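A.B. asks: Structure for the following, please:
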Amino acid sequence: MKLKHILFLFVLSTASVVAHAQSGRTDKLYSMSGIGFAFPMGESADFLKPKFSTTLGANLGLGDGGLFLYPKVSLHAFTFDQIVPDAGYSYTVQNARATTYLLNIALGYRKMIAKWAFYGFAGAGGGFILTPQSAVNAQTLQVTMNNKANGLGIAEAGAGIEYSLGGANLFIETSYMYGFSKIQERTFNTVPVTIGIKPNLSKLLNKL
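C.D. replies: Residues are numbered from 1 along each chain as shown. This next block holds a predicted model:
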């Protein structure tokens, strides 16, 4: 819920700044929510496997053309098979779970044709990836589990297709996400694939 609140406040504050630049656009403001999978690529596939993903975001129209601002929060869950133990730990964790919490802000362009829309976007952001750690006490026969927060800057570019249902659009979207920090001494690369819905909130923006 906290991620939803942060994103909602960000979208409203941004909308109030650019609302005066809007005119007759019918796609001024969409909220966005989707589910899917993030597929690790390259070195990331050595220790990550797709589990599930959820994404929350918004599309805020800029000017009179097809440009839009695209902030979104992504939670990607992976199966985590640790290769290199973290400093201070002797054991690697297998068949565990790693989760990303990433905020990305992109600039996109949408082309509408009848009930269909095609769009592309590129942007950057950051956040962190939680990876598990385990410490074994041989005397007490206890295993202590902790999570390590790995800071991560990202760049992302992608494209999507929408189909209008009137008050909302169904969409499918894919992108390439590149991490500027290493996880498990390897570069983080993934291809998220998301399907979901974008309710059209343009009437709300007209009142701001």
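
A.B. asks: buried residues in stretch 145-159?
C.D. replies: Buried positions in stretch 145-159, judged by neighbour count with 16 or more other CB atoms under 10 Å: 150, 152, 154-156, 158. Where you see a C-beta, it was placed from the backbone N, CA and C, and this is true even at glycine.

A.B. asks: Can you pull the phi/psi pair for the most centrally placed residue in the chain?
C.D. replies: Ranked by distance to the mean C-alpha position of the chain (CA atoms, centre = their mean), the top residue is S74 at 2.5 Å. S74 has phi and psi values of phi -120, psi 130 when expressed as degrees, to the nearest 10.

A.B. asks: so what's it up against?
C.D. replies: If you count contacts by CB atoms under 8 Å, 6 or more residues apart in numbering, S74 has them with 38, 53-55, 100-104, 192.

A.B. asks: Can you list which of those are found in helices?
C.D. replies: With helices defined by DSSP state H, no entry of those lies inside them.

A.B. asks: ok, so of those, who is nearest P132?
C.D. replies: Set against P132, the nearest of those by CB to CB is T100 (13.7 Å).

A.B. asks: Let me know the helix or strand that the nearest residue to that closest one once chain neighbours are set aside is in.
C.D. replies: Excluding its sequence neighbours, the residue lying closest to T100 (CB to CB, 6 or more residues apart in numbering) is H76, at 4.4 Å. Assigned by DSSP states H and E, H76 belongs to strand 67-80.

A.B. asks: Alpha carbons only: can I get that strand in PDB?
C.D. replies: The C-alpha atoms that make up strand 67-80 are tabulated as PDB, following Å, rounded to 0.1, in the frame of the first residue of the first chain:
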ATOM      1  CA  LEU A  67       4.100  12.700 -25.700                       C
ATOM      2  CA  PHE A  68       3.400  11.400 -22.200                       C
ATOM      3  CA  LEU A  69       5.200  11.100 -18.800                       C
ATOM      4  CA  TYR A  70       5.400   7.600 -17.500                       C
ATOM      5  CA  PRO A  71       6.200   7.100 -13.800                       C
ATOM      6  CA  LYS A  72       5.900   3.500 -12.500                       C
ATOM      7  CA  VAL A  73       6.800   1.300  -9.600                       C
ATOM      8  CA  SER A  74       7.800  -2.300 -10.400                       C
ATOM      9  CA  LEU A  75       7.900  -5.200  -8.000                       C
ATOM     10  CA  HIS A  76       9.600  -8.200  -9.700                       C
ATOM     11  CA  ALA A  77       9.900 -11.400  -7.700                       C
ATOM     12  CA  PHE A  78      12.500 -14.000  -8.700                       C
ATOM     13  CA  THR A  79      13.600 -17.400  -7.600                       C
ATOM     14  CA  PHE A  80      17.100 -16.800  -6.200                       C
END
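
A.B. asks: Alright, I will stop here.
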